[in-house]
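Asks: please find the sequence and the predicted model below.
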Amino acid sequence: MNIEKYDEIRASLPAGVRLVAVSKFKPAEDIATLYQHGQRVFGENHAQEMKAKHEILPQDIEWHFIGHLQTNKIKYIAPYVSLIHSIDSFDLLKEVNKHAVKNNRVIPCLLQFHIADEETKFGFTQEECMAMLDNPSFGELQNIKIHGVMGMATFTDDKVQVRREFHHLHQIFEDLKTHYFPQNPDFKEISMGMTEDYPIAIEEGSTLIRIGSAIFGPRDYTI
């Protein structure tokens, strides 16, 4: 773990930008070390892994789910998750609402948009999202609250392209804010930017950056 890099990133963040420390595939001991250093927001992308860590780590940790969420895994995170970044379909949002009801909670969510060239990434198109928000049944979901948007740029060295994609996501956010959430003060988050591209994301309006390897080091995906 690189505490010096963590401190450097934290010190560079402008007001209004929060750091989500992406701790997937990292042991609870590493999270505890960063927690002792003052970090409270952690991001995971496997529901059962996040549940296991939640059960043994301090209860004031703010857990963000940042990966593709399968409907059969919502039950593992619904009781405690602070923010789901990756709502990419109406069906998923309805399932999250169902589990929020069971847990007597209102679960904050971000709408994920497909802004990259890569087909492997998930997310709404703007047209798909607007169709969902225009659907009368969307208004019946009383146990979720939309707090903003999320997106991932193309994994490329072309910084012009990355900036264009982040700028596009910010434009989507502004469109949705104007037309669908003008009276909702909670609709304020733009989750974009990771280790490779977070400075550009911040310049383009990110409020949540998701940093993992720069802090925790390389991951062993064979575990």
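Replies: Yep, it's here. Numbering: from 1, shown residues only.

Asks: ok, now which residue in this protein is the farthest from the centroid?
Replies: Most distant from the centre of the chain: P136, at 25.9 Å, with distances by C-alpha atoms, centre = their mean.

Asks: phi first, then psi, for that residue.
Replies: phi -60, psi -30 (degrees, to the nearest 10).

Asks: okay, it: pLDDT?
Replies: Looking at P136, its pLDDT is 96.

Asks: OK, contacts around the residue sitting nearest the centre point of the chain?
Replies: By C-alpha atoms, centre = their mean, the chain has its centre lying nearest to H85, at 3.0 Å. Going by C-beta atoms under 8 Å, 6 or more residues apart in numbering, H85 touches 43, 64-66, 110, 112, 150, 191, 208, 210. The C-beta positions use only the backbone N, C-alpha and C, and glycine is treated the same way.

Asks: residue boundaries of the helices in this protein?
Replies: Along the chain, the stretches classed as helices by DSSP state H are 3-12, 28-36, 47-56, 74-77, 90-102, 126-134, 159-179, 198-203, 213-216.

Asks: among the ones you listed, which is nearest N143?
Replies: helix 90-102 (3.6 Å; C-beta to C-beta).

Asks: buried ones in that closest one, by neighbour count?
Replies: Using 16 or more other C-beta atoms under 10 Å as the test for burial, helix 90-102 gives 90, 92-101.

Asks: quick check: the farthest pair among these?
Replies: The most widely separated members of the buried residues of helix 90-102, counting by C-beta to C-beta, are F90 and V101 (16.7 Å).

Asks: nearest spatial neighbour of T125, skipping sequence neighbours?
Replies: H114 (6.4 Å; C-beta to C-beta, 6 or more residues apart in numbering).

Asks: what is the helix or strand of the chain with the lowest mean pLDDT packed up against?
Replies: Here the helix or strand of the chain ranked lowest by mean pLDDT, DSSP states H and E is helix 213-216, holding a mean of 92. Judged by 3 or more C-beta pairs under 8 Å, 6 or more residues apart in numbering; DSSP states H and E, helix 213-216 is in contact with helix 3-12, strand 18-22.

Asks: re earlier: which of the contacts of H85 sits closest to M130?
Replies: Lowest distance from M130 to the contacts of H85 (C-beta to C-beta) belongs to Q112, with 14.7 Å.

Asks: for the closest one, which residues make a bridge with it?
Replies: In this entry, Q112 is beta-bridged to M150, by DSSP bridges.

Asks: with I190 instead?
Replies: Applying DSSP bridges, one finds that I190 bridges with V149.

Asks: mind showing which ranges of this structure have poor pLDDT?
Replies: The model of the chain has pLDDT under 70 over residues 120-121, 219-223.
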